[in-house]
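Asks: please work out how this folds:
(one chain, ligands or ions: 1)
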Amino acid sequence: MNEYQYEAECHGCYSTKKVNHIPLCASCNNKLERDLVRQRNYEYSDLTAQLSSSEDKEKVRKDVINQYGEKLELVLK
Ligand SMILES: [Zn+2]
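Replies: I've put the predicted structure just below:
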């Protein structure tokens, strides 16, 4: 399933791009995934939803913060 089939205004960066159902472009969706992990919404993020142990989830969160910082990247209005 390709989520990014339709051109529309992305709700993250407000430019017209191929977006998913939210709608967010691929780049903003990646930010959203990382924000969900930062906020420990592990069951909602594709990065962590498949992981069963909480140590693994915390490890992904640590990696995200090490790589991208602690601040939320995408704030939906
Ligand atoms: Zn975007």
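Asks: can you map out the strands along this protein?
Replies: Secondary structure of the chain (DSSP state E): strands at 6-9, 16-19.
Asks: against which helices or strands is the first one packed?
Replies: Packing contacts for strand 6-9, counted by 3 or more CB pairs under 8 Å, 6 or more residues apart in numbering; DSSP states H and E, involve strand 16-19. To be clear about C-beta, it is placed using only N, CA and C from the backbone, and glycine gets the same treatment.
Asks: show me what counts as buried in the strand it packs on.
Replies: Buried residues in strand 16-19, defined by neighbour count with 16 or more other CB atoms under 10 Å: 17, 19.
Asks: helices of this protein, start to end?
Replies: Assigned by DSSP state H, the chain shows helices spanning 26-38, 54-68.
Asks: and the longest one, what's buried?
Replies: Burial within helix 54-68, assessed by neighbour count using 16+ other CB under 10 Å, is assigned to 57, 60-61, 64.
Asks: name the residues that touch stretch 51-59?
Replies: Contacts of stretch 51-59 with the rest of the structure, by CB atoms under 8 Å, 6 or more residues apart in numbering, involve 37, 40, 42, 48, 60.
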